[in-house]
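Q: Sequence and predicted structure below; questions after.
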Amino acid sequence: MSKTGPKILVINIHSSRNAGDAALLEETIKSLLFLSPSEIVLATNNIDIDVSKFSDMENIRVVLSFTGHFVSTNRRKVWRIDKMVWGILLSLIVLLWYRVTRRLPNWLPALWYDLFKAYANADLVISCPGNIFVTMGKVGLPFLVSAYTVAYALMMGKPLYVMPQSIGPLNRWWERALVKLLYSRARLIFVREPISLRLAGEIGLPRAKLHLVPDLAFVYTSAPLEEAAELLKEVVGQLEGPLVGVTVINRLIRYIDNEVWEQYEKSIAYALSKFIDKYGGSIIFFPQVTGPTAKEDDRVASRRIVAKMGNPSSAIVIEKPLLPNILKAAYGLMDIFIATRMHSAIFAISMKVPTLLIGYLHKVMGLAQMLSLEEWVIDLRSVTENVLWERLEALWLNKDILREHLRNIMPLIEIKAGEVGQIIKRDFHEQ
């Protein structure tokens, strides 16, 4: 990193225990190196990021985000309203002090100092990739705190850049108004699929600031296939083909009824059992997300599904958390893949593995539209045993055609995903 380059703050980072988020963070840092930064500060909800994996760990620091200060996390996430009220009041006092004096007060509590220092020192602020603004729950506290995290950078007068994100679904009028208020003040807004681009236009975000680019995980570098093969052999033993990779999601989204979740899990168990009966092989459930809370742990749902299968001896749940580059390489060893986690689909697709996507937010259909794979998406709320089996068998029978399709489209997708850092660099130096 440069000794004189800009200082960069990256906000709204969730957890490295989500392999997709971890891969996106690595690619974000690679993109930001185009600016030759002197420092990168990562404001994260969970202090579980190992900075040693990055190219210059001396100049990459991790601080606890607003969300991290407001939430107590053990096996479940609990919002602390008392901490939230205190933290917002403190932050507004610090903001006023900073705007008047251009310095931080010397009486700041040590617990909060690093976060405010990161905001104050930043030459630009990056809203990290992902699906940060989406309707969730009855109150929308995560949405509001994420919005405050962005608003604080703008109130401090920092240039804001939005890395490739999905926006929405936004079911409340005030959510649409708030996203418009915040992101219309950004320098650039990258969206990663066409449905989010259309929604951004509908809520009134300036078209000149919007850029449609593929998700950064498309250019994430996998580990060598040989390394993944050795690890799979060590963890699950000798496998008989065909190999079917699977990621599922635990019952995380509260507005989806328990009956729907139960139908989803029963349908996966039925379709996989029928596949084994007809074609043989092995089913591998991968741990794409393992936390930070039990509700976010994919392995919980994987165990329930295997217990429902008629031939569970052919199914393996990998319990050991795996690094994102190992996961991506392991997905490349599969013959076909069923992905409920979107970034597991991106990992598999970018390894040219035919993939059936089960979507629970519009980002999944948006991804499929970008790749001309719409027929290979099933909405989680519409999954039935017969529908899933029909699509899974069709995927298997058309796997060679799909592999060729992926070989043809991936080069352009990867080129476009790799341009983000250069676009930000040009804009930052032109401002």
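A: Yep, that arrived. Keep in mind it's a predicted model, so treat the numbers as computed, not measured.
Q: domain assignment for the protein?
A: According to automatic domain parsing, the chain comprises the domains 7-219+415-430, 225-397.
Q: first vs last residue of the first one, how far apart are they?
A: It stands for domain 7-219+415-430. Domain 7-219+415-430 has its terminal residues 17 Å apart, counting by Cα to Cα, to the nearest Å.
Q: cool, and the last one?
A: By Cα to Cα, the extent of domain 225-397 from end to end equals 25 Å.
Q: what's the offset of it from the middle of its chain?
A: Domain 225-397 sits 17 Å away from the centroid of its parent chain (Cα atoms, centre = their mean, to the nearest Å).
Q: about what we covered before: would you format the domains of the chain as JSON lines with mean neighbour count, distance to Arg407 and mean pLDDT included?
A: For every residue, glycine as well, the C-beta is placed using N, CA and C. Converted to JSON lines, the domains of the chain look like this (neighbours: other Cβ atoms under 10 Å; distance: least, Cβ to Cβ, whole Å; pLDDT from 0 to 100):
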{"stretch": "domain 7-219+415-430", "mean neighbour count": "18", "distance to Arg407": "14", "mean pLDDT": "91"}
{"stretch": "domain 225-397", "mean neighbour count": "19", "distance to Arg407": "6", "mean pLDDT": "93"}
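Q: closest to His405 out of these?
A: His405 lies closest, by Cβ to Cβ, to one member of the domains of the chain: domain 225-397, at 7.4 Å.
Q: Run through the strands of the stretch 151-300 of the chain in chain order.
A: Applying DSSP state E, counting those that start in this stretch to the stretch 151-300 of the chain gives strands spanning 160-165, 188-191, 210-212, 243-247, 282-285.
Q: Now do the first one: which elements does it pack against?
A: The criterion is 3 or more Cβ pairs under 8 Å, 6 or more residues apart in numbering; DSSP states H and E, and the helices and strands that strand 160-165 contacts are helix 19-32, strand 124-127, helix 141-155, strand 188-191, helix 420-430.
Q: Just the CA atoms of that strand, as CSV, please.
A: Taking C-alpha atoms only, strand 160-165 is exported to CSV below (Å, rounded to 0.1, in the frame of the first residue of the first chain):
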residue,chain,number,x,y,z
LEU,A,160,-19.6,7.3,-0.6
TYR,A,161,-19.2,4.4,-3.1
VAL,A,162,-21.6,1.5,-3.1
MET,A,163,-19.9,-1.8,-4.1
PRO,A,164,-22.0,-4.3,-6.2
GLN,A,165,-25.2,-4.9,-4.2
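Q: got a list of contacts for that strand?
A: The contact list for strand 160-165 (Cβ atoms under 8 Å, 6 or more residues apart in numbering) reads 24, 28, 31, 124-133, 150, 153-154, 183, 185-192, 196, 213-216, 417, 420, 424, 427-428.
Q: I'd like the helices and strands packed on strand 160-165 written out as JSON lines, with distance to Lys83 added.
A: Converted to JSON lines, these look like this (distance: least, Cβ to Cβ, whole Å):
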{"stretch": "helix 19-32", "distance to Lys83": "23"}
{"stretch": "strand 124-127", "distance to Lys83": "23"}
{"stretch": "helix 141-155", "distance to Lys83": "11"}
{"stretch": "strand 188-191", "distance to Lys83": "31"}
{"stretch": "helix 420-430", "distance to Lys83": "33"}
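Q: out of those, nearest to Pro312?
A: Among the helices and strands packed on strand 160-165, the nearest to Pro312 by Cβ to Cβ is helix 19-32 (24.7 Å).
Q: Tell me the helix or strand right after the closest one.
A: strand 39-44 (DSSP states H and E).
Q: Could you tell me which strands that next one is paired with, and in which direction each runs?
A: strand 7-13 (parallel), strand 60-64 (parallel) (DSSP bridges).
Q: Contacts only, for Ile49.
A: The contact partners of Ile49, taken as Cβ under 8 Å, 6+ apart, are 13, 16, 22, 25, 42, 62.
Q: sec struct for it, please.
A: coil (DSSP: H, G, I helix; E, B strand; the rest coil).
Q: Could you measure from it over to Pro164?
A: From Ile49 across to Pro164, the span is 20 Å (Cβ to Cβ, to the nearest Å).
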